[in-house]
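K.L.:
got a sequence here, can you build the structure:
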Amino acid sequence: MKIEERLYQACDTCQFAKLFVSEKKAKEFASIAGTPKYFENGGTRWWTATNGKIRVTAFLKEGAPHEDI
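P.N.:
Next comes the predicted model:
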């Protein structure tokens, strides 16, 4: 069994992240797990989606405009 499979089976949650990406790339990356949702908090902006125990999150680079795409 591959290490990825062993880790996935043994964990409670599994998270993947990308940092400092454009809005388009962030939404595309989060879409790998499902329908992405947009969030903002304290100047930090990100797209995220979940699928079972997998969470995929992409944080937008500073200054990237938010477009509801």
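
K.L.:
most distant residue from the centre of the protein?
P.N.:
M1 (26.2 Å; CA atoms, centre = their mean).

K.L.:
could you give the bridge partners of the closest residue to T57 other than its chain neighbours?
P.N.:
The shortest distance from T57 to any non-neighbouring residue, by CB to CB, 6 or more residues apart in numbering, is to T48 (4.2 Å). Quick note: C-beta positions are derived from backbone N, CA and C, even for glycine. Counting by DSSP bridges, T48 forms beta bridges with K37, T57.

K.L.:
how far out from the middle of the chain is stretch 8-28?
P.N.:
How far stretch 8-28 lies from its chain's middle: 3 Å, per CA atoms, centre = their mean, to the nearest Å.

K.L.:
let me fix that: stretch 2-21
P.N.:
Worked out by CA atoms, centre = their mean, stretch 2-21 lies 12 Å from the chain centre.

K.L.:
show me which residues of it are buried.
P.N.:
Residues K18, V21 are the ones in stretch 2-21 that count as buried (16 or more other CB atoms under 10 Å).

K.L.:
coming back round to it: and for the residue nearest to T57, the neighbour number?
P.N.:
20 (other CB atoms under 10 Å).

K.L.:
next: R45.
P.N.:
18.

K.L.:
the closest residue to it other than its chain neighbours: what's it in contact with?
P.N.:
Of all residues not flanking R45 in the chain, L60 sits nearest, at 4.5 Å (CB to CB, 6+ apart). Contact analysis of L60 by CB atoms under 8 Å, 6 or more residues apart in numbering lists F20, V21, S22, E23, A26, R45, W46, W47, H66.

K.L.:
which of those fall in strands?
P.N.:
F20, V21, R45, W46, W47 (DSSP state E).
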